[in-house]
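Visitor: here you go, sequence then predicted model.
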Amino acid sequence: MQILFVLSFVAVVSTSGCSEAERETVSDRGYASIQPEPSPPGGDRPVESPEPTARGSGQTEEVTPTVEARPAASSEPLPPGYEVIALYQAGKIPQARAALEKWVRESAEAAAAIEVRREHELRRKLGHSLAVNLTVYCFKLDRQSRGGAPFPPQLLNIARLARETMQPIIDETKRLEAANSPLATRRATEGREYAERQLADLIPLEINALKRLGRDDEAKGLAVQYAPLLKAHGLSASGEPPITAIVLRRTWMGGAETISYYRNGSAAKSWDGPPQTGVISGKSFGSLSEKDYDELVLELSKLNYLSLKDSYRGDTHDADEHVLTISSSTGEKTIRATMAGAPARLGQFFDLIKKKAATAGWRPAGSEEERIER
């Protein structure tokens, strides 16, 4: 069950026959994406279901699941890359890296083998952006697993393979779009946009890895090459990972309020405490504009938030406490502070988060409107 939860980073939702809302998935880091229909490495072979297989007249034979580093048998298909993440979670770092490299290489070979003659074949090819998605997530898992050990060159090679596999596919799709080809349907364009978004998340990680390995010239070259893509997605070519979520939890008036903003534009808020005028009790959902989210990210950059202390305490014990958590594709930074002990610039950022909440259009969880939209 734990494995299935963390796999939200690489979970894939088929776009076939679904509404726009049904195709939107939000991970535990706040990502939302319109994902194309992928094919697993190795071609068109569908994932075999673990359901019992009919034999004879009305008889069934149960299929015993293989006991490997994998989740228990389920009626749901196993998410792509589950075996790689399972190895990381088991602390088997060398095996996990080898499995990731094998997965990405097989994906590259399968993508290269697809000859695009029809629209669905183009979407299948774009679906191999899952290799980029999985690599981005494994950068984080690898960092958490290796601790203070040096960055592994093997992981950088995997990232380059994933990037070099997807870039020609993205370029080919753009060429078809420019030529008004019948292959470049709306769904194919959505797949291309999703693939570019995943690639944009990978590039800063690759740049940062090159710098860590002392390959500064290569890092600068990659930053220049992908500057337009990074700028289009609001990312920095400095190698800093994108901020995917900003969460502020504060205790005041005998309760606790949590405000969460995500890079995909979604927002969430909860109040756990006695009823307050103008405060929605329990959980509520809303949205934050891209402009407002980018403003918060810019202020964090000005704060140089990674250099801030983990805790700021004042002399008084009755001051409101704030806990700020900033999430990126490589980890989290948490800062605890009381208003009496926080630096003025940090306190101003807390106030900005609260101010943005007034524009989020909150809806109580479970409301008719919230059920329709979600």
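Guide: That came in fine, so what should we check first? Numbering: from 1, shown residues only.

Visitor: confirm that residue 245 sits in a strand.
Guide: Yes: assessed by DSSP: H, G, I helix; E, B strand; the rest coil, residue 245 belongs to a strand.

Visitor: doesn't residue 260 make contact with it?
Guide: Yes: counting by Cβ atoms under 8 Å, residue 260 is a contact partner of residue 245 at 6.5 Å. C-beta coordinates here come from the backbone N, C-alpha and C atoms, glycine included.

Visitor: which residue ranges of the stretch 201-350 of the chain form strands?
Guide: Under the criterion DSSP state E, counting those that start in this stretch, strands of the stretch 201-350 of the chain are mapped to 243-252, 255-262, 266-272, 282-287, 311-312, 321-328, 331-338.

Visitor: note down every partner strand of the fifth one and its orientation.
Guide: Counting by DSSP bridges, the strands paired with strand 311-312 are strand 331-338 (parallel).

Visitor: so the strand it pairs with versus strand 321-328, what angle?
Guide: Put simply, strand 331-338 runs at 170 degrees to strand 321-328, going by axes from the mean of the first three to the mean of the last three Cα atoms, to 10 degrees.

Visitor: about what we covered before: tabulate the strands of the stretch 201-350 of the chain (JSON lines), appending distance to residue 134 and mean pLDDT.
Guide: Listed next are those as JSON lines, based on distance: least, Cβ to Cβ, whole Å; pLDDT from 0 to 100:
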{"stretch": "strand 243-252", "distance to residue 134": "16", "mean pLDDT": "89"}
{"stretch": "strand 255-262", "distance to residue 134": "21", "mean pLDDT": "91"}
{"stretch": "strand 266-272", "distance to residue 134": "23", "mean pLDDT": "91"}
{"stretch": "strand 282-287", "distance to residue 134": "28", "mean pLDDT": "90"}
{"stretch": "strand 311-312", "distance to residue 134": "35", "mean pLDDT": "88"}
{"stretch": "strand 321-328", "distance to residue 134": "17", "mean pLDDT": "90"}
{"stretch": "strand 331-338", "distance to residue 134": "18", "mean pLDDT": "86"}
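
Visitor: is it possible to export these to a markdown table including distance to residue 124 and mean neighbour count?
Guide: Formatted as a markdown table, those follow (distance: least, Cβ to Cβ, whole Å; neighbours: other Cβ atoms under 10 Å):
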| stretch | distance to residue 124 | mean neighbour count |
| --- | --- | --- |
| strand 243-252 | 28 | 20 |
| strand 255-262 | 29 | 20 |
| strand 266-272 | 29 | 19 |
| strand 282-287 | 32 | 18 |
| strand 311-312 | 50 | 15 |
| strand 321-328 | 31 | 20 |
| strand 331-338 | 33 | 17 |
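
Visitor: could I get those strands in a markdown table, plus columns for distance to residue 202?
Guide: A markdown table is the format used below for these (distance: least, Cβ to Cβ, whole Å):
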| stretch | distance to residue 202 |
| --- | --- |
| strand 243-252 | 14 |
| strand 255-262 | 19 |
| strand 266-272 | 22 |
| strand 282-287 | 26 |
| strand 311-312 | 33 |
| strand 321-328 | 13 |
| strand 331-338 | 16 |
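
Visitor: which one of these lies closest to residue 234?
Guide: Taking Cβ to Cβ, strand 243-252 is the member of these nearest to residue 234, at 9.5 Å.

Visitor: for that closest one, packing partners?
Guide: strand 255-262, helix 290-303, strand 321-328, helix 344-357 (3 or more Cβ pairs under 8 Å, 6 or more residues apart in numbering; DSSP states H and E).

Visitor: what strands line up against that strand, and which way round?
Guide: By DSSP bridges, strand 243-252 pairs with strand 255-262 (antiparallel), strand 321-328 (antiparallel).

Visitor: among the helices and strands packed on strand 243-252, which is nearest residue 117?
Guide: helix 290-303 (37.1 Å).

Visitor: just checking the distance from the closest one to the centre of its chain.
Guide: Computed by Cα atoms, centre = their mean, to the nearest Å, the chain-centroid distance of helix 290-303 equals 19 Å.
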